[in-house]
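Engineer: what would the 3D arrangement of this be:
(one chain, ligands or ions: 1)
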Amino acid sequence: MSQRMTLITSPVFIPEAQLKKADGFAALFGNDKPLCLEIGCGIGDFVVQIAARQPEYNFIAIDIFNQGCRATCTRIEESGLDNIRMMRMEARYLLHHHLGKDSLQAIYINCPDPWPKKRHRKRRLLNKSFLDLVLYCLQPGGILNFSTDFVDYGEATGELLAADERFENLHSTAYTHELGDYPISKYMRRFLDLGQPIYLCRYRKKEGVVIPAPKIQKGFRLRWAKEDE
Ligand SMILES: C[S@@+](CC[C@H](N)C(=O)[O-])C[C@H]1O[C@@H](n2cnc3c(N)ncnc32)[C@H](O)[C@@H]1O
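Structural biologist: Residues are numbered from 1 along each chain as shown. So this is what the prediction gives:
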């Protein structure tokens, strides 16, 4: 799908070159609070809710969709919160190139693209090799949070995580429909309003788990418009 590109000049938007120049996220935020990441933040409604509740953490929100990045920047600015930054970046690219071993306190992935056709399932973000990368970047005790409205994606991810001994399940079942105080994103709201349950998985990386550095997979670097570089 082609995107209508607009230049993002928001002070909370961090082009990759700025991150490289700053030499890390602590310098960007001006403090070394633990870092959390939301992947595929859409219009940014979730990250603003979670960051407002947790001022003791810094949050990076990423999306590959230029218009979503714009909307997120506007939301962050309107919130007045100083613990969120937005980047237009592909998840695996960011994790491999800018977030290292044990660098994240939490990862949030809400309603990722479900790729419902069987022949497209291999394009889904959540799979075994992605989990290796997630585990490498999460610090011991760090939490992976995943939600989806899509039955097959929820069941498959719940099974994958429950079978992975490197994680401790924060719920008593592989996934749950009980959201508790978990913030509701735009897509989650849309499906809840239609009466469809959300599948929520929350898993903690166990202490003492050793993850070898995952190999970079080819083929996921997207081409950016010049102005976002
Ligand atoms: C279905 S929307 C969900 C948006 C939001 N999380 C919500 O729940 O309202 C999925 C979002 O993930 C983004 N996305 C898809 N693949 C991505 C990737 N590999 N890295 C970063 N963002 C991605 C899309 O651009 C889109 O904005």
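Engineer: all contacts plus neighbour counts: C-alpha atoms, from now on.
Structural biologist: Fine.
Engineer: how about the residues of this structure near the ligand?
Structural biologist: Proximity of the chain to the ligand is confined to 39-42, 62-65, 89-91, 110-113, 185-188 under the rule Cα under 6 Å from any ligand atom.
Engineer: could you redo the last one with a cut-off of 5 Å?
Structural biologist: Those residues of the chain that sit near the ligand, judged by Cα under 5 Å from any ligand atom, are 40-42, 63-65, 90-91, 110-113, 185-187.
Engineer: what's the distance between the residue positioned nearest the centre of the chain and Phe146?
Structural biologist: By Cα atoms, centre = their mean, the mean C-alpha position of the chain lies nearest to Ile39, the distance being 2.2 Å. From Ile39 over to Phe146 the distance is 10 Å, taken as Cα to Cα, to the nearest Å.
Engineer: find residues that contact each of these two.
Structural biologist: Taking Cα atoms under 8 Å, 6 or more residues apart in numbering as the contact rule, Ile39 and Phe146 both touch Tyr108, Ile109, Asn110.
Engineer: what pairs with the biggest strand by length in the chain, parallel or antiparallel?
Structural biologist: The longest strand of the chain (DSSP state E) is strand 138-148. The pairing partners recorded for strand 138-148 under DSSP bridges are strand 104-110 (parallel), strand 199-205 (antiparallel).
Engineer: dump these to CSV, plus mean pLDDT.
Structural biologist: Output for the strands paired with strand 138-148, formatted as CSV (pLDDT from 0 to 100):
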stretch, mean pLDDT
strand 104-110, 98
strand 199-205, 98
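Engineer: can I get these in CSV with mean neighbour count?
Structural biologist: Output for the strands paired with strand 138-148, formatted as CSV (neighbours: other Cα atoms under 10 Å):
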stretch, mean neighbour count
strand 104-110, 22
strand 199-205, 24
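Engineer: any chance of CSV for the ones you listed, columns distance to Ala156?
Structural biologist: As requested, the strands paired with strand 138-148 are exported to CSV (distance: least, Cα to Cα, whole Å):
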stretch, distance to Ala156
strand 104-110, 15
strand 199-205, 11
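Engineer: which of the residues of the chain next to the ligand are buried?
Structural biologist: The neighbour count (16 or more other Cα atoms under 10 Å) marks 40-42, 63-65, 90-91, 110-112, 185-187 as buried among the residues of the chain next to the ligand.
Engineer: where's the closest residue to Ile8 other than its chain neighbours, which helix or strand?
Structural biologist: Nearest residue to Ile8 in three dimensions, chain neighbours excluded: Arg70, at 6.3 Å (Cα to Cα, 6 or more residues apart in numbering). For Arg70, the host element (DSSP states H and E) is helix 66-79.
Engineer: picking that back up, neighbouring contacts of the longest strand of the chain?
Structural biologist: Contacts of strand 138-148 (Cα under 8 Å, 6+ apart): 101-112, 134, 154, 188, 198-209.
Engineer: pretty sure Arg121 is touching Trp115, no?
Structural biologist: Yes - look at Arg121 against Trp115 with Cα atoms under 8 Å: they come within range, at 5.6 Å.
Engineer: this protein: strands as residue ranges?
Structural biologist: So, for the chain - with DSSP E - the strands run 35-39, 58-63, 84-88, 104-110, 138-148, 167-169, 199-205.
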